[in-house]
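Novice: sequence and predicted model, in that order:
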Amino acid sequence: MSEIRYGIVGTGYFGIALGRAIHALPNARIVSVFDPDHAAAFAQEVGARPEKSIDDLCARDDIDAVIVASPNWAHAQPVVAAAKNGKHVFCEKPIALTFADCAKMLNAAEAAGRIFMAGHVMHFMNGVRKAKALIADGTLGDILYCRAVRTGWEEIQPDVSWKKKRELSGGHLYHHIHELDVVQSIMGPAKEVFMAGGNVAHTGPQFGDEDDLLLITLDFGNDRFATLEYGSAFRWPEHSVLIQGTKGAIFIDLQNAGLELKTPDRQERFLLHRTQQEDDNRTEIYAGNKGSGAIVYGNPTTTAPLWLQGIIEMEVEYFHGLMSGEPITEEFAALTNGTAATAAIATADALSLSLKDGRKVSVSEITGNLHREL
Ligand SMILES: NC(=O)c1ccc[n+]([C@@H]2O[C@H](COP(=O)([O-])OP(=O)(O)OC[C@H]3O[C@@H](n4cnc5c(N)ncnc54)[C@H](O)[C@@H]3O)[C@@H](O)[C@H]2O)c1
């Protein structure tokens, strides 16, 4: 197997975590990195060259794939540049902050005939894969309803991170697109959506300007629905995805890590992650973080916890496999061509419009304008 050569755009908290996982793989080499502030140390750690610009990195002919882990607002430019230079791309979530940008990224990757994989790492959780398998084998019957919750309380932070600013991160809905995407991977794309909420408890210079309370209803047609709650104005933190079918239900518990299946004649618990140790690691971290729940953020000086490293390893191993000629599996197909990630942003854009206008919005109001098939 020949060596696959990588470039990384953005070497903060997550770019480093992805980079270290890639560096540990056989036949993988990180050739080059770009980060306006934090490139040098990581470049030295893995023996890569720091580049002066995204264009310089993407133009190198000794790179096969580009990993994009810059802040959310800064994904579209490197993804398009990488694709135009014939590189495969792995892009962190949310892949962009508007459907229009997603469409540009998708079109560029498609035109170049390159993989465009979204970093929707939740799909690599053992529990999420198990839930999908139990749905596929009919254990739950028809899925009628999902409820996803990702909430906690934000205290005053020493600095206001870009992750708390609507224009840079998209706020909770976009920054934590994982749950919305997982729900759509189970129910299909939402047709009509409604969102209520606002910034109800975190105004002033000590905080960002994102909405801290978001209450979402998704209507999939055919009497199928989902509700989601996001935000940092919740003193009772929750993090879970509940899946209700006609024959049974699954509770994906992301706080007290595990997966619970309930049918009339079966009650079973499964691991959320690869090992009990990873599940315990997750549970202990949530128990110890004093109410901030699932809304804790990394920064360039923090290291990903054990449970997160586990799913990152599986995710980059999958991407590296594709780079090495392995076929795309059906399970992850929509993740590897950008369509699932784009569908999630289309729904998020429709929800943002709903909040702004105070009305139910059809997702086709967002996607229809651009005639982009998903
Ligand atoms: N999949 C997950 O679970 C997960 C978890 C954390 C972060 N992320 C995603 O990873 C991405 C990076 O987040 P992070 O936690 O590493 O943030 P971070 O703030 O720790 O790091 C961001 C890095 O990007 C650099 N940067 C700033 N502007 C840039 C630009 N224009 N081009 C390239 N680099 C630039 C910064 O200097 C910094 O080093 C985000 O999209 C975030 O949503 C995903």
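Specialist: Okay, I see it.
Novice: need phi/psi at the residue of the chain most remote from its centre.
Specialist: Relative to the centre of the chain, the most outlying C-alpha is that of Asp265, 34.5 Å out, by CA atoms, centre = their mean. The phi and psi values for Asp265, taken as degrees, to the nearest 10, are phi -120, psi 20.
Novice: likewise for Ala41?
Specialist: The phi and psi torsions at Ala41 (degrees, to the nearest 10) take the values phi -60, psi -40.
Novice: now do Val9
Specialist: The phi and psi values for Val9, taken as degrees, to the nearest 10, are phi -110, psi 110.
Novice: what residues are bridge-paired with it?
Specialist: Here Val9 sits in beta bridges with Phe34, Val68, going by DSSP bridges.
Novice: give me the pLDDT for it.
Specialist: Note for Val9: predicted pLDDT of 98.
Novice: domains of the protein?
Specialist: Following the assignment in automatic domain parsing, the chain carries domains at 4-121+316-333, 123-300+345-356.
Novice: for those domains, give me TSV that also has distance to Leu306.
Specialist: (Each C-beta comes from the backbone N, C-alpha and C, glycine too.) Putting those into TSV (distance: least, CB to CB, whole Å) gives the following:
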stretch	distance to Leu306
domain 4-121+316-333	12
domain 123-300+345-356	4
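Novice: which one of those lies closest to the ligand?
Specialist: domain 4-121+316-333 (1.8 Å; CB to the nearest ligand atom).
Novice: and the stretch 201-350 of the chain, which of its residues are near the ligand?
Specialist: Applying CB under 6 Å from any ligand atom, one finds that the stretch 201-350 of the chain approaches the ligand through Gly298, Asn299, Pro300.
Novice: from those, keep the buried residues only.
Specialist: In those, burial by neighbour count holds for Gly298, Pro300, counting by 16 or more other CB atoms under 10 Å.
Novice: right, is stretch 93-108 up against the ligand?
Specialist: Yes: under the criterion of CB under 6 Å from any ligand atom, stretch 93-108 makes contact with the ligand via Lys93.
Novice: pull out the buried positions in that stretch.
Specialist: Across stretch 93-108, burial judged by 16+ other CB under 10 Å covers 93-99, 101-106, 108.
Novice: and if you look at stretch 24-43?
Specialist: Going by neighbour count (16+ other CB under 10 Å), the buried part of stretch 24-43 is 25, 28-35, 38-39, 42-43.
Novice: which other helices and strands contact the longest strand seen in the chain?
Specialist: Taking residue count as the measure and DSSP state E as the definition, the longest strand of the chain comes out as strand 233-245. Contacting strand 233-245 under the criterion 3 or more CB pairs under 8 Å, 6 or more residues apart in numbering; DSSP states H and E are the following elements: helix 126-136, strand 143-153, helix 177-187, strand 249-253.
Novice: the same query, at a cut-off of 7 Å, please.
Specialist: In terms of contacts (3 or more CB pairs under 7 Å, 6 or more residues apart in numbering; DSSP states H and E), strand 233-245 is packed against strand 143-153, helix 177-187, strand 249-253.
Novice: can I get the buried residues of stretch 24-43 in a markdown table with pLDDT and distance to Gln276?
Specialist: Written out in a markdown table, the entries for the buried residues of stretch 24-43 read as follows (pLDDT from 0 to 100; distance: CB to CB, whole Å):
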| residue | pLDDT | distance to Gln276 |
| --- | --- | --- |
| Leu25 | 98 | 25 |
| Ala28 | 98 | 29 |
| Arg29 | 98 | 34 |
| Ile30 | 98 | 32 |
| Val31 | 98 | 38 |
| Ser32 | 98 | 39 |
| Val33 | 98 | 35 |
| Phe34 | 98 | 39 |
| Asp35 | 98 | 36 |
| His38 | 93 | 34 |
| Ala39 | 96 | 37 |
| Phe42 | 97 | 32 |
| Ala43 | 98 | 36 |
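Novice: for the ligand, tell me which of those show up nearby.
Specialist: Among these, the residues that sit close to the ligand (CB under 6 Å from any ligand atom) are Phe34, Asp35, His38.
Novice: give the contact list for the last one.
Specialist: What it means is His38. For His38, the contacting residues are Thr11, Gly12, Pro300, taking CB atoms under 7 Å, 6 or more residues apart in numbering as the criterion.
Novice: now do the helices in the stretch 151-300 of the chain.
Specialist: If you assign secondary structure with DSSP state H, counting those that start in this stretch, the helices in the stretch 151-300 of the chain sit at 166-169, 171-175, 177-187, 276-288.
Novice: excluding covalently adjacent residues, which one is nearest to Pro78?
Specialist: Once flanking residues are discounted, Pro78 sits nearest to Val9: 4.4 Å by CB to CB, 6 or more residues apart in numbering.
Novice: neighbours of the one you found, how many?
Specialist: Applying other CB atoms under 10 Å, we find 29 other residues in the vicinity of Val9.
Novice: isn't it up against Val66?
Specialist: Yes: with the criterion set as CB atoms under 7 Å, Val9 and Val66 qualify as a contacting pair; they are 6.3 Å apart.
Novice: overlap in contacts, the two.
Specialist: Pro78.
Novice: related to what we said a few turns ago, which one, of the helices of the stretch 151-300 of the chain, ends up nearest to Leu353?
Specialist: Within the helices of the stretch 151-300 of the chain, the stretch nearest Leu353 is helix 171-175; the backing value is 12.0 Å (CB to CB).
Novice: could the C-alpha coordinates of that closest one be exported in CSV?
Specialist: Coordinates of the C-alpha atoms in helix 171-175 are reproduced here as CSV (Å, rounded to 0.1, in the frame of the first residue of the first chain):
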residue,chain,number,x,y,z
GLY,A,171,-24.1,29.2,17.7
HIS,A,172,-25.4,26.0,19.4
LEU,A,173,-27.5,24.7,16.5
TYR,A,174,-24.7,24.8,13.9
HIS,A,175,-21.8,24.1,16.3
